[in-house]
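Chemist: Attaching a predicted model along with its sequence, questions to come.
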Amino acid sequence: MKEVKIEKCPFCGGENFIETKVNSYGSSYLRPLKKKGLRSATLFATVCTDCGSVVRTYVRSPQKLLPKKER
Ligand SMILES: [Zn+2]
């Protein structure tokens, strides 16, 4: 997976970020709509500590969302 480096908040220009894990009782997972099964990935978010904007939301292992044969 490519590494993404965020240097500046696109909303306020701030340069301070915190990595968070989206936590909301079972809906904090992404699941492919068209695929059957229980594949899911936890959602993480990068938050600007200067203005509170969620600058990026992402999963750490996107391959998990693909069917086994496409990984
Ligand atoms: Zn900001």
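Modeler: Now that the structure is in, tell me what you want to look at.
Chemist: Identify the residue spatially nearest to the residue nearest the centre of the chain, adjacent ones excluded.
Modeler: Closest to where the C-alpha atoms of the chain average out (Cα atoms, centre = their mean) is Tyr58, at 1.6 Å. Leaving aside its chain neighbours, Tyr58 sits nearest to Phe44 (5.6 Å; criterion: Cβ to Cβ, 6 or more residues apart in numbering). Placement of C-beta: from N, CA and C, glycine included.
Chemist: Confirm the one you found sits in a helix?
Modeler: No: under DSSP: H, G, I helix; E, B strand; the rest coil, Phe44 sits outside any helix and is assigned strand.
Chemist: Please give the element, helix or strand, for the residue nearest to the centre of the chain.
Modeler: Secondary-structure assignment from DSSP states H and E places Tyr58 in strand 54-59.
Chemist: Also Val47?
Modeler: Under the criterion of DSSP H and E, Val47 resides in strand 41-48.
Chemist: got the residues of the chain near the ion?
Modeler: For the chain, the residues in contact with the ion (Cβ under 5 Å from the ion) are 9, 11-12, 14, 48, 50-51, 53.
Chemist: Mind checking which of those are buried?
Modeler: Neighbour-count burial (16 or more other Cβ atoms under 10 Å) applied to the residues of the chain next to the ion gives 9, 14, 48, 53.
Chemist: Of these, just say which sits nearest to Lys34.
Modeler: Ranked by distance to Lys34 (Cβ to Cβ), those are led by Ser53 at 30.6 Å.
Chemist: ok, and what's touching the strand holding Tyr58?
Modeler: Residues from elsewhere that reach strand 54-59, judged by Cβ atoms under 8 Å, 6 or more residues apart in numbering: 4, 6, 9-11, 17, 22, 30, 41-48, 65.
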